[in-house]
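Enquirer: Here you go, sequence then predicted model.
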Amino acid sequence: MSELTLSKAIGTGLRRALAEDDRVVLMGEDIGKLGGVFRVTDGLQSEFGPERVMDMPLAESGIIGMAVGMAFRGFRPVVEIQFDGFIYPGFDQIVAQVAKLHARTDGRVRMPLTIRVPFGGGIGAVEHHSESPEAYFAHTAGLRVVSCSNPQDAHTMIRQAIASDDPVLFFEPKRRYWTKGEVDESCDFPMDSARVVVEGQDVTLLAYGPLVATAVDAATAASDEGISVEVVDLRSLSPLDYETIEASVRKTGRVVITHEAAEFGGMGAELAAGITDRCFYSLEAPPQRVTGFDIPYPPARLEEHFLPDLDRILDAVDRVLGRTNSLTGWTA
């Protein structure tokens with residue numbers, strides 16, 4: 001057991017995967033000599049060599065295309081997309097090739113490819129450096145989409161993603177890279193399972209990635225007013241662990257969903273629809289979403305107004321409980 005930042009936890013997971021399996025290779029822009037812009041891969045090239053930890057040109061489509069070929073040949077490539085907004089040049093490769101090859105070959109070809117994506121806002125970055133594109137890929141059949149929220153999951157899930165025979169989009173909350181926590185390298189909690197991180201009775205609060213910590217803070221603040229909020233870290237966005245989600249919603253009868261991405265067509269919409277289909281007769285109020293706004297990501301000086309925060313989440317908790325809130329202004 002050791003205390004690591006989330007970024008270091010991913011790095012140690014990558015190091016262990018490289019050491020345990022010669023088929024694992026890392027590929028990305030500035031991941032070798034520099035160690036990545038967030039230093040996640042720091043020291044790995046000097047330890048394993050440039051043929052295992054490869055600096056690539058600024059061409060995401062080419063990087064992913066090369067990784068597809070290597071996966072075809074039996075390697076287990078791990079691609080780093082330097083920033084979330086840089087994934088779009090590789091979008092065609094991911095949705096038209098990576099996601100389709102297993103079905104296209106009638107199961108004869110596997111795609112054990114992991115694509116690491118630092119995502120989300122909160123770091124004061126410029127355009128294309130604070131995107132939340134996870135819903136595009138969760139919508140695409142043939143891809144697994146996961147997001148870690150803490151150092152333990154960062155370490156465990158990156159190793160599980162690399163070991164998977166399916167292609168995995170691994171979304172890393174960049175504003176949580178410096179969060180510290182205990183890491184047990186023997187932990188093996190399933191990558192596709194959600195986890196209840198705070199037990200509660202009154203409201204279910206669903207979150208993933210960067211907003212899990214905010215959700216936990218909201219649960220703490222709500223408890224000061226006698227409201228018991230259960231926080232569920234989704235962890236896997238495709239597939240969703242509806243067994244855990246349903247059990248929580250049936251218990252509380254109320255649900256709030258939060259994510260940084262825009263509201264329209266986002267993960268929150270899919271979750272709200274799925275929960276309504278499965279738990280309609282257990283719901284005491286309509287599901288509420290707390291998300292980014294349906295606009296391009298704003299300049300850094302305005303991002304604190306764009307990102308869901310404690311107050312906006314607590315306001316949604318008030319809405320599902322019928323308490324005075326910013327939209328209705330009435331008390332049930």
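Expert: Alright, I've got the coordinates.
Enquirer: where in the chain is pLDDT low?
Expert: Along the chain, segments meeting pLDDT under 70 span 329-332.
Enquirer: how does it divide up, domain by domain?
Expert: 2-183, 195-321 (automatic domain parsing).
Enquirer: Could you dump the ones you listed into CSV with distance to Leu327 and mean neighbour count added?
Expert: (Each C-beta comes from the backbone N, C-alpha and C, glycine too.) CSV is the format used below for the domains of the chain (distance: least, Cβ to Cβ, whole Å; neighbours: other Cβ atoms under 10 Å):
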stretch, distance to Leu327, mean neighbour count
domain 2-183, 24, 20
domain 195-321, 6, 19
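Enquirer: Distance to Thr328 for those - can I get that in TSV?
Expert: Formatted as TSV, the domains of the chain follow (distance: least, Cβ to Cβ, whole Å):
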stretch	distance to Thr328
domain 2-183	28
domain 195-321	7
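Enquirer: which ones are touching the nearest residue to Asp202 once chain neighbours are set aside?
Expert: Nearest non-adjacent residue to Asp202, counting by Cβ to Cβ, 6 or more residues apart in numbering: Ser228, 4.5 Å away. Counting by Cβ atoms under 8 Å, 6 or more residues apart in numbering, Ser228 touches Gly200, Gln201, Asp202, Val203, Ala222.
Enquirer: ok, longest helix in the protein?
Expert: Counting by DSSP state H, the longest helix found in the chain is helix 6-20.
Enquirer: name the helices or strands packed onto it?
Expert: strand 24-28, helix 44-48, strand 76-80, helix 151-163, strand 168-173, strand 180-183 (3 or more Cβ pairs under 8 Å, 6 or more residues apart in numbering; DSSP states H and E).
Enquirer: chain center to that helix: distance?
Expert: 18 Å (Cα atoms, centre = their mean, to the nearest Å).
Enquirer: can you check stretch 218-227 too?
Expert: Using Cα atoms, centre = their mean, the offset of stretch 218-227 from its chain centre is 25 Å.
Enquirer: May I have the distance across it, first residue to last?
Expert: End-to-end distance of stretch 218-227: 10 Å, with Cα to Cα, to the nearest Å as the criterion.
Enquirer: got a list of contacts for that stretch?
Expert: Contacts for stretch 218-227 (Cβ under 8 Å, 6+ apart): 198, 200, 202-203, 205, 228-231, 310, 313-314, 317, 321.
Enquirer: Now distance to Lys251 and secondary structure too, for those residues, in TSV please.
Expert: Formatted as TSV, the contacts of stretch 218-227 follow (distance: Cβ to Cβ, whole Å; DSSP: H, G, I helix; E, B strand; the rest coil):
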residue	distance to Lys251	secondary structure
Val198	13	strand
Gly200	9	coil
Asp202	10	coil
Val203	10	strand
Leu205	13	strand
Ser228	10	coil
Val229	12	strand
Glu230	7	strand
Val231	13	strand
Leu310	24	helix
Ile313	19	helix
Leu314	20	helix
Val317	16	helix
Leu321	15	helix
